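In: Provided below for reference: sequence and predicted model.
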2 protein chains.
Amino acid sequence: MTALEQVETPAAVVELARLDRNLERWQEHCDRVGLANRPHVKTHRSVEIARRQLRLGATGITCQKLGEAEVMVDAGIDDVLIPFNLLGASKLARLAALARRARIAVTVDDAALLPGLAEAAVEAGRELGVLVDCDTGLGRTGVRRPDQAAELARQVARVDGLRFDGFLTFPAPDGAVAFLDAAIAGIAQSGLRAGVVSAGGTPPMWSSERLLPTVTEYRAGTYAFHDRATVAAGAAGLDDVALTVHATVVSRPEGGLAILDAGSKALSSDVGPGDGFGLVLEAPRARIERLSEEHAFVELAEGEALALGQRVRVVPNHACVVANLFDELVVAEAGGAIERWPVDARGRSA
Amino acid sequence: MTALEQVETPAAVVELARLDRNLERWQEHCDRVGLANRPHVKTHRSVEIARRQLRLGATGITCQKLGEAEVMVDAGIDDVLIPFNLLGASKLARLAALARRARIAVTVDDAALLPGLAEAAVEAGRELGVLVDCDTGLGRTGVRRPDQAAELARQVARVDGLRFDGFLTFPAPDGAVAFLDAAIAGIAQSGLRAGVVSAGGTPPMWSSERLLPTVTEYRAGTYAFHDRATVAAGAAGLDDVALTVHATVVSRPEGGLAILDAGSKALSSDVGPGDGFGLVLEAPRARIERLSEEHAFVELAEGEALALGQRVRVVPNHACVVANLFDELVVAEAGGAIERWPVDARGRSA
């Protein structure tokens, strides 16, 4: 048995050659088309993977939460975008502490956030970069209209300690470029310039050229691992999926049902593209019809068989929530040798 | 500001008085009707809460995974049921190591599991308790018919090192008692006795008397905290819910939408009873219509208001997956003082 075959299940297993190839191909694409690559570490929450992304040429990283950013800055990473509204005394104190140690930028979608950020910048003794978060159609955070984006940019630029860096959106559906162009035109009248215009998302990553020249920077996360959703979106093939959950068939109570030792505490209950809670590579026509916390219930298709005790690999619906359920990634090298990398920022959602 | 109000969000907050009341009321019920209480620690994965359950009179604990059991036995807990099929060399070696240190029972639903368990018992130098897992209607693990249960019980009893302890089911719908009675009658002919007949589940816990005298032991987990599902099932009122996720309103991009700093990495994406991904106590008619990893999108009802920066408490759909997303529980005492208890077995799904 190889070391990999002896790993206890359930385990989050990363195929190293695929991970590296995913990182390389995307960096090459960004270099070729002229986009700054600022990968989102929320997917892996791993210092080792962030370092690999930076070594290949990423301009910095994206962290969704302060807690993630703290872990990454502790590891020596010095350029971090946190595209999240930060407010409240304790969060702002942590932001100030971070900004003393690294180049930090944040986003805002409301002028009410600016006084707190300005105080954090004063406390840090250092300018804080601020991008204006634009909702270009998804109905998430962000200002809803280009004129609001331009007005908020002007407000940022007037605040001592804050540096207006540009605009940010996620993802970038049809109409996003027109929105961003209008915001840029709006600030030009005030003598302001958007040094960074940041978009993101793995599913449409390979068509990111359509956003040029307006967009200057791209934030993708899932591309490191890929998953059932990004494969369904056409951003990757199944052979590109670098993260699978290895599980064991622990019960075969009736003909067409196989039960795995990986449930919602390993696969998450994120629903995916199409049916079920993941794709069993050893039974690709089967359907994971439900999960309990520690079991997956696999309905086998005609002609498929899974034996009691058999190990299987499950492609998760959504990689980003799966890595966060494990303390470590089991990294598989060619030939079955393994390394273990901690999920350093696991659980750092505050 | 109280210590509780200063806790960083998102946080998993346990109201101590409610937790203790939930534990006490259920133990009193079990004592009154004559059921052994073997609480399921999967809900909290906390040594401190398991100890409180045992101190009140629980007969032992239930762990869904070996990893949970190891944490609990390390903490000195010496009577553990693991209702999970265990197979494979490394799992069986861990089981043997555990069985040397504590009284351990496991379940089986397949005779193919018995040789491995017997070897583990030999290695432990100690008899291993085995219950036969019965599927009484939910289509999960377990043998499907009473005669199969009786036959597997006889097979267990014939294996050196294994001690047939009884039958187990989850939950116990109509017909479960008849199934269990038939299995018990089936083994009586062979001179076997089911010392333990174990059922479980928080939603129907207050009607567990209907299972008497067949059922002797009850496994409930969620009752420690309760959640939106157990409230909807009538097992608790909202005033009994001991675990909430505290979150902060971080964006108010448009009138009826409030966005919280707690997403699927804090609330999980488990769907609940009725609509949405949780209940916001400060806006009880609102609907958490979707989650991203770090945001909850709350559609406010007519007349409801949430302000930027406001702290809110969210009752999760499913408490058991929420505690597992946090490294620690923030335990709130009367008056706003807090303690922090580690989620000791967090992530121990292997």
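Out: Nice, thanks for sending it over. Residues are numbered from 1 along each chain as shown, chains lettered A, B, ... in the order given.

In: which residues in the stretch 251-350 of chain A form helices?
Out: Secondary structure of the stretch 251-350 of chain A by DSSP state H, counting those that start in this stretch: the helices cover A:264-267, A:319-323.

In: excluding covalently adjacent residues, which one is nearest to A:F326?
Out: A:A12 (4.2 Å; CB to CB, 6 or more residues apart in numbering or on different chains). From N, CA and C alone the C-beta is placed, and that goes for glycine too.

In: what does A:T222 give?
Out: Using CB to CB, 6+ apart, the closest residue to A:T222 is A:T202 (4.0 Å).

In: closest to A:H226 out of the helices of the stretch 251-350 of chain A?
Out: helix A:319-323 (6.9 Å; CB to CB).

In: so that closest one, near chain B or not?
Out: Yes: interface with chain B: helix A:319-323 contributes A:320-321 (CB under 8 Å from any CB of the partner chain).

In: how far off centre is that helix?
Out: 9 Å (CA atoms, centre = their mean, to the nearest Å).

In: then stretch A:9-19?
Out: Using CA atoms, centre = their mean, the offset of stretch A:9-19 from its chain centre is 17 Å.

In: which residues are contacting that stretch?
Out: A:4, A:7, A:49, A:52, A:224-225, A:239-248, A:260-262, A:266, A:311, A:313, A:322-323, A:325-326, A:328-334, A:339, A:341, A:343, B:88, B:349-350 (CB atoms under 8 Å, 6 or more residues apart in numbering or on different chains).

In: so for it, what gets flagged as buried?
Out: A:9-16, A:18-19 (16 or more other CB atoms under 10 Å in any protein chain shown).

In: okay if I get those residues as CSV plus pLDDT and secondary structure?
Out: What follows is the buried residues of stretch A:9-19, written out as CSV (pLDDT from 0 to 100; DSSP: H, G, I helix; E, B strand; the rest coil):
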residue, pLDDT, secondary structure
A:T9, 98, coil
A:P10, 98, coil
A:A11, 98, strand
A:A12, 98, strand
A:V13, 98, strand
A:V14, 98, strand
A:E15, 98, strand
A:L16, 98, helix
A:R18, 98, helix
A:L19, 98, helix
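
In: what's the burial count for A:E302?
Out: 6 (other CB atoms under 10 Å in any protein chain shown).

In: that one: what's it in contact with?
Out: No contacts exist for A:E302 under CB under 8 Å, 6+ apart.

In: ditto for A:D240
Out: A:D240 neighbours (CB under 8 Å, 6+ apart): A:18, A:21-22, A:226, A:231.

In: and the two most separated of these?
Out: A:R21 and A:V231 (15.0 Å).

In: comparing the two, which residue is more hemmed in?
Out: A:V231 (20 against 14).

In: I'd say A:G200 and A:Y218 touch.
Out: Yes: here A:G200 reaches A:Y218: they are 6.0 Å apart, a contact under CB atoms under 8 Å.

In: give me the more crowded residue out of those two.
Out: Between A:G200 and A:Y218, A:Y218 has the larger neighbour count (other CB under 10 Å), namely 28 against 23.

In: so where does the more buried one fall, helix or strand?
Out: Using DSSP states H and E, A:Y218 sits within strand A:217-219.

In: just the helices in the stretch 1-150 of chain A please.
Out: A:16-33, A:47-56, A:66-74, A:89-101, A:114-124, A:146-157.

In: and the next element down the chain from the last one?
Out: Toward the C-terminus, helix A:146-157 is succeeded by strand A:162-169 as the next helix or strand (DSSP H and E).

In: the next helix or strand after that following strand - what's its average pLDDT?
Out: Reading on from strand A:162-169 to the C-terminus, the next helix or strand found by DSSP H and E is helix A:176-188. In this model, helix A:176-188 has a mean pLDDT of 98.

In: using PDB, write down the CA coordinates of helix A:176-188.
Out: Only the C-alpha atoms of helix A:176-188 are listed here, as PDB (Å, rounded to 0.1, in the frame of the first residue of the first chain):
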ATOM      1  CA  ALA A 176     -20.000  45.100 -15.600                       C
ATOM      2  CA  VAL A 177     -17.500  46.800 -17.900                       C
ATOM      3  CA  ALA A 178     -20.000  49.500 -18.800                       C
ATOM      4  CA  PHE A 179     -20.700  50.100 -15.100                       C
ATOM      5  CA  LEU A 180     -16.900  50.300 -14.300                       C
ATOM      6  CA  ASP A 181     -16.200  52.600 -17.300                       C
ATOM      7  CA  ALA A 182     -19.000  54.900 -16.200                       C
ATOM      8  CA  ALA A 183     -17.600  55.000 -12.700                       C
ATOM      9  CA  ILE A 184     -14.100  55.700 -14.100                       C
ATOM     10  CA  ALA A 185     -15.500  58.500 -16.300                       C
ATOM     11  CA  GLY A 186     -17.300  59.900 -13.200                       C
ATOM     12  CA  ILE A 187     -14.100  60.300 -11.200                       C
ATOM     13  CA  ALA A 188     -12.000  61.600 -14.100                       C
END
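
In: may I see the buried residues of it?
Out: A:176-177, A:179-180, A:183-184, A:186-187.

In: re the thing from before, can you tell which of the helices of the stretch 1-150 of chain A is closest to B:G137?
Out: helix A:16-33 (42.4 Å).

In: angle of the closest one against helix A:47-56?
Out: 40 degrees (axes from the mean of the first three to the mean of the last three CA atoms, to 10 degrees).

In: look up how far A:D174 lies from the residue nearest the centre of chain A.
Out: Closest residue to the average C-alpha location of chain A: A:G221 at 3.2 Å, with CA atoms, centre = their mean. According to CB to CB, to the nearest Å, A:G221 and A:D174 sit 22 Å apart.
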